[in-house]
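[1] quick check, what structure comes out for this input:
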Amino acid sequence: MVREDGKRNFALREEDGSEPSEFSGNMPRQAALKAARTLEPAPSEEAAERITLRLREKGTKKVHEYEGWAWKASAPEVDEADDDFWLNDLDDITKANVSKQGIEYLDEE
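    Model prediction:
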């Protein structure tokens, strides 16, 4: 279901069917990236554990399945004239990536 601002809501679906978290985005991948950033970050992208993320689009029976991983990276150097100058206070940031595995349709209800 699309909101007035064009974003859609996606519930992170656990194996037991519970949906403890919700993420929004214009596309499912955008919500999946947000969900992946909540994973425990590894020291590098190569060392990151791949986790299956299942996101059910609210208002539908569609479940988007992604493989997601997160890692720590050095914060970029930012000029104080930039709006992102607050990044200079950070040593590390969490980066994430996802890879789409497919779409599943729920039979329940």
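
[2] residue 104 contacts residue 65, correct?
    Yes: with contact defined as Cβ atoms under 8 Å, residue 104 and residue 65 form a contacting pair (6.2 Å). All C-beta atoms are positioned from the backbone trio N, CA, C, and that covers glycine.

[3] more neighbours, these two?
    Higher neighbour count among residue 104 and residue 65: residue 65, with 17 against 14, using other Cβ atoms under 10 Å.

[4] need the contact list for the more buried one.
    By Cβ atoms under 8 Å, 6 or more residues apart in numbering, residue 65 lies in contact with 52-55, 100-104.

[5] just give me the closest of those residues to residue 22.
    residue 55 (9.3 Å; Cβ to Cβ).

[6] host element of the closest one?
    Under the criterion of DSSP states H and E, residue 55 resides in strand 51-57.

[7] how close does residue 76 sit to residue 93?
    Residue 76 sits at a distance of 8 Å from residue 93 (criterion: Cβ to Cβ, to the nearest Å).

[8] then residue 3?
    Residue 3 is 28 Å from residue 93, by Cβ to Cβ.
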